[in-house]
Structures are given as C-alpha cells and as structure tokens.
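In: Build me a model from this:
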Amino acid sequence: MHTKIKSPHSLHLRLLLAAPAVFGMIAAQAAGQDGAGAAPPVPAPATTAQPLQKVEIKGAAASYDARRNDTATKIVIGQEEILRNGDTTIGEVLKRLPGVTVGGVQGRGGDVRMRGLGSGYTQVLLNGEPSPPGFSLDSISPDMIERIEIMRAATAEYSTQAVAGAINIVLKRAIVTAQREIKAGLQLDNGNIGTNTNFQVADKQGAMSYAVGGNVTWARFERPQETITEGSNAAGTPTVLRRAEQGNSGHFEAIGLSPRINWTLGPGDVITSQSFINVNRFRGDSTERVATLLGPAPLYSGTRVDIESDVAQVRSDLSWTRKLAEGAKLDMKAGVNWNKRESRAPSLNYDASDRLILNRLVTSDSSDKGVTANGKYSTPILEGHALAAGWDAAYSKRNEDRIQRESSPTATCLVRTPSGDCLTPSNLDQVFEANVSRLAMFAQDEWTVTPRWSVYFGLRWEGIRTRSEGNSYAAVDNKSSVWSPLFQTLWKIPGSKSDQVRLGLTRTYKAPGVNSLIPRRFASNNNSEVSPDQQGNPNLRPELAWGLDLAYEHYLEAGGLLTASTYVRRIEDITRQQTSLVDGLWLSMPVNAGIANTRGIELEAKLPLRSVYKAGPNIDMRANFSRNWSDLDSVPGPNNRLDQQTPFSGTVGADWKLDKLPMTLGASYSFQNGGPVRISFNQYAYSVPKRSLDMYGLWKFNPKNQLRVSVSNALAQDNIVQSSYVDERGRSSSTLITPTTVVVRAMLEIKL
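Out: The predicted structure follows:
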C-alpha cells in the first residue's frame, strides 16, 4: 500500500511562523550531510497560497509511526523487538506478537494463526508476497528481518487470502553503513546440545551497496510421545484400551546464505537483487510399541522407521524502484524459486508377538519450481489522494514421485476388512504433477479528507487455477476467482492528541491448497475412525468471507498505548474434514459444509513504567489478550466452533533495563486456551490449554560485544490433544501426550 507521511497541522503553523530561523538552522546542518536516507519534503498546508521551500531532514522518516498514522490498520514490530529474546526462528518471534498464536507443540513451532484461526485463514507474506511452495519461513534467520507487519484487515495491494488477517515479514534492504557482525551460540534441549551461528557482512561503495547474511545450525533432538487408544460400545462398556510408547530421535543440520545488492542508478532510481539459498539435512528414527490392555491388538503392535531427508531451496528476485515526476513512483519485481526434497523411509512392522510381518520402503522425490512478477504505479495525482494500481502474477509447478515397496515373510493375510477382503503387501508407484497459476490486479486510494479523517478504498481481483494429473487418479482442473472490495477509515477524535478510531469492511477468501484438491490417498499405519487415511477433494470451492473490524486506540507518552478492537467474519462454503467408512477402511476428506460465523475482541497495552511513576525502574510492560467465538451452521452444538480455533489467548511480558549495570532482563508468559470442539456430527476434538514462559538476559560488555542468554518453554508443560468418533456403535478416541522440554540458549554477539 502506498504510504504517505502526514505532518501534523500544528507543525505546519510553527514552521510558517519560524520559517527564517528554522530553515536557516536546517540548511546549515544539511550542508554537512550527503543526503543519503533523506526524508520526504515537509508539505505545505492546504490553506497556504504561496509555495514553501522544500526541506529535506535526514532521519525524519524513521520517526514516522505507521501504526498510528496509516489509514489501513497495521501493527509494526521493529528489529529491536524481533531480536530481543534471542530467538533462532521466526515462529518463536511470532508467538509473542499481539493477536498471534502458534499451533503445534510448545517450543517446536507450528502453523501461524490470527484471531485464533488456523487451517490457512492467516496469510503469511514475505516482502509482501505469498511464500512459494516448499519454502519454509523458519529457514530465514530473525537477524535478516527489518520489521514484521501485522495487518488485521486486508488491503488491495496484498493477497486477500487473509480471512483472519495477514503477517508480512519484511527483510532488510537499505544498507546505510558498513557492518561486520557474527553471533555464535549454544543451546541445550532435553540434554542434547545444538549450535547456531549467524553472520552479517554489509558495506556501501559509491552507487552500490551489498550485504551477505548466513546461518549454520546443527542440533540433536529426542522427543518421546505416548498415545492412548480407547473404545466403548453403545452401552458405554469399555472394549478397547491400548497404550503406545513412541520415541523420536535424530539430528539435523542446515546452512543458509542470503546475499543482496542495491544499485543506485540515480535519485530515486534503485535496483535491488535479493536471494536465499538454504540446504538442510535430517536423519532420525521413530519407534512405536503398542501394549494392548483390553480388546484386540492392532495390525501393527511394533514399528521402527528410519528417516533420511535432504532439502535444498533457492529463491531470488530482482526489483526496480523509480521515482517519477510529480511525486509518482513505479515499483517492479520479478523472481524465481526452486525447491528440491528427497527422502527415504524404510520401516519394519511387527505383530503383538514381536513377529516381523511387513517390511516397507518408501522413497519420495519432489520438486517445486516457480516464477513471480508484480508491479505497482502510485501517484498523488489528486490533492489529498494517494492513488495506486498494480498487478501480481505467479506460476508454480510441482512434481513428485512416491515409490512404495512392501514384502512380508508370512504367507497369510495381513488383515481382513469387514467385507472379508484380504489385505496383502502392495507395491505402489505414485507419480503426479501439479501446476498452480495465479493472477491478480488491484487499485487503491488513500484519501486524506481532513487532517483528522482519512479513508482507504481498494478493489482487488484474484484468480487461481490448479491443474494436476497422476497415475493413481483422474486429472484435476480447479478454477476460482474472487472480487474483493475493501474499505478502511481512520478518525482522530477532535480535541484529543491521543485518541482515534478505526473501521474496516473487507471481502476476503481462502482458496483450497494443492494437497486438499488432489484425490491421492495417504494410508494410515493402523487405520481406524480416529486414525483414518487421508485424501484430497478435487471439487472443493474457495471459502468466501465478509469481515467487519472496529478498533479504538489511545496513545500514551513515551511510546505507550492502549487499544481495544473487535471483529466479525461470515465465512461461506466453510471447509471441514469429514471421516467416513469407504470400502472397509476409514477415510478423511475435506468438504465444503455450510456457513461459519466468527467474532472476537482483542486488547493490547504497552506501558513504560516511568511514564506513570518517574522514580520507578526503567521497565517496559506489555500485554495482549484475545477472546474468539465461532459456530458452524452445518454442525450441531455445543462447541460447534471452527476446528483448531483458539478461544482465548494472551501474553504478558516486561523488559527491565538496569540503570547501574549494562544489563537488560525480560520475560513473557503466554496462555492459549483449548477445550472441546465438535468438528462434525460424529467427530470431536479436544486440546489442553497451553502455557509458556520465556525469559532472557542481555549483558553488554561494550558497544560492540554482548552476551544474550535465554530460556524458552520454562514451564515444560505436556501437550495433550485428543480426537474422538462417536456413532450408534459406540465411541473411539485417541489421545496424544507429548512431553516438552526447557530450551536454554547462550549467544555471543560481536560487531567487528
């Protein structure tokens, strides 16, 4: 979105009254500057008939508060806050941000969510673009990030596949001064030692500047789990009880390199090249032993799988920014990406008497290749308006070969289905390819109606086509397109310097992913109602949503703030998983199922203690809380909320910068509520509330050397999730218990 720097009207008056003195001082200071990084000229007030002299103040742009002054709602997290806790992945950074939660097991990352919504309702962008297939954001070191933008309401410039909102990760681009920095650290996770090293090299020579960042990671892990399977008949009498002990251990190493180069061709004319190269290797083994305490034993009571995985990914883009006459600007970008994954997983499967009954080898070779291109033209052609229009296109192609070979030393059937069919070892050659094309066009206008009222209008059309064919299913051709009208407004309450109100009305959507469309079947080791096979649905339609956002913001002195916001979303053609019995085996498939309504409130506070108690310690306090509700009209209640939605979440934290010692201490406590969910007429889920405590300490030896020590997941709470299936025959459930561990890191940061 085109961003305008708005100067307060009172500043205009003061500049006019003191023009000779002020301009004289600025000119004297500017005479010793080279002009690099200059801010936009301070505009003249609309009521002034005579044109004012253009004045450039170096560094003034840095003081612009995008969160406070942009019409489109945006929370901006700067680099200092990103690096504060010594995190090594982006997922660890995101979990503390207001309104953001991370799924999965505590301390191990997972899908990123806003408004408590998972399953792809949150759009995660990299430099304003959706991440290419197979690209992992966690392969980017937090040191490479300039800022993180949290956008609760969609804008036309970015993809409107953001029902819950969007998170834009903006990487460093501008290079002002030479930089030589290295960070070397150790971590201890459940008795296993790991290492992490990051470096940054940057310099500027004439019209060219460059920077090279890199990271090297190595770590061992050991992660046990326990699964409890229970069953009962229609009368409630227990019929099945099993306990499965699982062990997962191994090691991984990763190397990343991220060079970028800026060429300044002339004033406001810059070409930037930015690339990522990441290679990682994983070696591990997984074992499972099932103890049957009641009822029949499963087909496989013992399993051992050895996993080898190698991944290489490359992403590179070239962008051109050119300032034109009359304040117009042209932005163009083109990029390519490539991802290659190879894996090998031999497994041995045993029955209840420890007899080997199946030997399986699965090898997989897949690749993703793609190109992207986008452009934007912006101009202030009308007074008070910031107009912009552009386009966005992408094409990706995925190829995958999955080869399965099975053999059994026994001559009998592995198992008989309810229909009496005999399941025997099978060899599968699954080969498929998928092509995804995306094209979008947009136009938007940010209009400053008065100094205290601004509005944003946007319109975006986005179309997606997914084509896939394979040797085990019929060809798939899925097309979808959406028009998204967007409106946002900002009103600064008269008579107040600190209070303002925001309103947004948006049309967003969620397109089905490739894996959700391909009707290829993925077999479960021990097929059951609560552990079914998985398959895509080529007839899925996109989910469409209307959204309303309302927020009140109160800004305090010294950087503090208090905000309260609420939202409503109405989602049509909601997608949920449906489990059914097909040909004697249980199968789970995504289906469109009616309408969902979701709503919630969010509160956020930041308060420097000295702003209310000047004699107090230098402590910055922060807190955010979210409460979310939802319901599906196709699922009976109670608890018929969207699958995986977090009903309540919150984070409380503080940072204390000591006055007499070169030390900073900080901690944050996060809570995510769980509870029961009714997914469909027969399916239920439950997750335990999650609690997480992170702490850090920073000691500055001198301006160039410092030591950062952090403790994450200090509570080491067990993660518990359960899935259940209930019908007229009775109830089946599977409960997964995952112990978590405390992770301790020490990082030495040196600037050369």
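
In: Any buried residues in the longest strand along the chain, and which?
Out: Identified as the longest strand of the chain according to DSSP state E is strand 238-266. Neighbour-count burial for strand 238-266, counted by 16 or more other C-beta atoms under 10 Å, picks out 240, 242, 244, 246, 248-250, 252, 254-262, 264. Just so you know, the C-beta spots here come from the backbone N, C-alpha and C atoms, and that holds for glycine as well.

In: and if you look at stretch 365-382?
Out: In stretch 365-382, counting by 16+ other C-beta under 10 Å, buried: 366-370, 372, 374-380.

In: Need these in JSON lines (columns: pLDDT and secondary structure).
Out: Shown next, in JSON lines, are the buried residues of stretch 365-382 (pLDDT from 0 to 100; DSSP: H, G, I helix; E, B strand; the rest coil):
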{"residue": "Ser366", "pLDDT": "94", "secondary structure": "strand"}
{"residue": "Ser367", "pLDDT": "94", "secondary structure": "strand"}
{"residue": "Asp368", "pLDDT": "93", "secondary structure": "strand"}
{"residue": "Lys369", "pLDDT": "95", "secondary structure": "strand"}
{"residue": "Gly370", "pLDDT": "94", "secondary structure": "strand"}
{"residue": "Thr372", "pLDDT": "95", "secondary structure": "strand"}
{"residue": "Asn374", "pLDDT": "95", "secondary structure": "strand"}
{"residue": "Gly375", "pLDDT": "96", "secondary structure": "strand"}
{"residue": "Lys376", "pLDDT": "96", "secondary structure": "strand"}
{"residue": "Tyr377", "pLDDT": "96", "secondary structure": "strand"}
{"residue": "Ser378", "pLDDT": "95", "secondary structure": "strand"}
{"residue": "Thr379", "pLDDT": "93", "secondary structure": "strand"}
{"residue": "Pro380", "pLDDT": "88", "secondary structure": "coil"}
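
In: Any stretches of this structure with poor pLDDT?
Out: Counting by pLDDT under 70, the chain has low-confidence residues at 1-63, 119, 134-135, 174, 176, 411-423.

In: Let me see the ranges of the strands in the stretch 651-752 of the chain.
Out: Remark: strands assigned in the stretch 651-752 of the chain by DSSP state E, counting those that start in this stretch are 663-672, 675-678, 683-687, 690-702, 705-712, 719-727, 730-738, 743-751.

In: which strands and helices sit next to the last one?
Out: On a contact count with 3 or more C-beta pairs under 8 Å, 6 or more residues apart in numbering; DSSP states H and E, strand 743-751 meets strand 179-189, strand 705-712.

In: Compare the ones you listed and report which one is nearest to Leu503.
Out: Closest to Leu503 of these is strand 705-712 (C-beta to C-beta; 37.9 Å).

In: what's that closest one in contact with?
Out: Defining contact as C-beta atoms under 8 Å, 6 or more residues apart in numbering, one finds that strand 705-712 is touched by 85-87, 92, 107, 185, 692, 694-701, 742-751.

In: now stretch 513-520
Out: 120, 133, 398, 430, 432, 434, 436, 466, 468, 470, 472-474, 476, 478, 535-538, 540, 575, 590.

In: Show me the helices in the stretch 201-350 of the chain, by range?
Out: Taking DSSP state H, counting those that start in this stretch as the criterion, the stretch 201-350 of the chain contains no helices.

In: so where do the strands sit in it?
Out: For the stretch 201-350 of the chain, strands defined by DSSP E, counting those that start in this stretch occupy the ranges 208-222, 225-233, 238-266, 269-294, 302-323, 329-350.

In: Within its sheet, name the partner strands of the first one and how each one runs.
Out: Sheet pairing here is set by DSSP bridges, and for strand 208-222 it gives strand 192-205 (antiparallel), strand 238-266 (antiparallel).

In: between the longest strand of the chain and strand 225-233, how many degrees?
Out: In terms of direction (axes from the mean of the first three to the mean of the last three C-alpha atoms, to 10 degrees), strand 238-266 departs from strand 225-233 by 140 degrees.

In: can you redo the strands of the stretch 201-350 of the chain as CSV with distance to Gln444?
Out: Output for the strands of the stretch 201-350 of the chain, formatted as CSV (distance: least, C-beta to C-beta, whole Å):
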stretch, distance to Gln444
strand 208-222, 31
strand 225-233, 48
strand 238-266, 27
strand 269-294, 23
strand 302-323, 18
strand 329-350, 14
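
In: nearest to Arg173, of these?
Out: Closest to Arg173 of these is strand 269-294 (C-beta to C-beta; 5.9 Å).

In: List the buried residues in the closest one.
Out: For strand 269-294, using 16+ other C-beta under 10 Å, the buried residues are 270-272, 274-280, 282, 284, 286-288, 290, 292.

In: Could you name the helices and strands sitting against that strand?
Out: Partner elements for strand 269-294 (3+ C-beta pairs under 8 Å, 6+ apart): strand 238-266, strand 302-323.

In: and the gap between the closest residue to Val105 other than its chain neighbours and Val102?
Out: Nearest-residue entry for Val105: Asn719, 4.6 Å, with adjacent residues in sequence omitted and distances by C-beta to C-beta, 6 or more residues apart in numbering. According to C-beta to C-beta, to the nearest Å, Asn719 stands 12 Å off from Val102.

In: Name the residue in the two with the higher neighbour count.
Out: Legend: neighbour count by other C-beta atoms under 10 Å for Asn719 and Val102, higher for Val102 (26 against 19).

In: just checking, the more buried one touches Gly109?
Out: Yes. The pair Val102 / Gly109 is scored as a contact, 6.5 Å apart, by C-beta atoms under 8 Å.

In: any common contacting residues for those two?
Out: Taking C-beta under 8 Å, 6+ apart as the contact rule, Val102 and Gly109 both touch Gly91.

In: so how far is stretch 708-727 from its chain's centroid?
Out: Mean C-alpha position of stretch 708-727 versus that of the full chain (C-alpha atoms, centre = their mean, to the nearest Å) differs by 19 Å.

In: same thing with stretch 690-707?
Out: 24 Å.

In: Kindly report the same for stretch 441-451.
Out: Stretch 441-451 sits 28 Å away from the centroid of its parent chain (C-alpha atoms, centre = their mean).

In: about what we covered before: dump the strands paired with strand 208-222 into a markdown table; add distance to Arg315 as well.
Out: Formatted as a markdown table, those follow (distance: least, C-beta to C-beta, whole Å):
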| stretch | distance to Arg315 |
| --- | --- |
| strand 192-205 | 19 |
| strand 238-266 | 9 |
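
In: and Gly116, which of the ones you listed is closest to it?
Out: Between Gly116 and the strands paired with strand 208-222, the tightest spacing by C-beta to C-beta is seen for strand 238-266, at 28.1 Å.

In: Among the buried residues of stretch 365-382, which one sits closest to Glu462?
Out: Nearest to Glu462 among the buried residues of stretch 365-382: Asn374, at 12.2 Å, using C-beta to C-beta.

In: The nearest residue to Asn280 once chain neighbours are set aside: what's it in contact with?
Out: Distances taken as C-beta to C-beta, 6+ apart place Ala254 nearest to Asn280, at 3.7 Å, with adjacent residues excluded. Residues in contact with Ala254 (C-beta under 8 Å, 6+ apart) are Ser139, Asn215, Val216, Thr217, Trp218, Asn278, Val279, Asn280, Arg281.

In: redo that, cut-off 10 Å
Out: If you count contacts by C-beta atoms under 10 Å, 6 or more residues apart in numbering, Ala254 has them with 136, 138-139, 196, 215-219, 278-282, 311.
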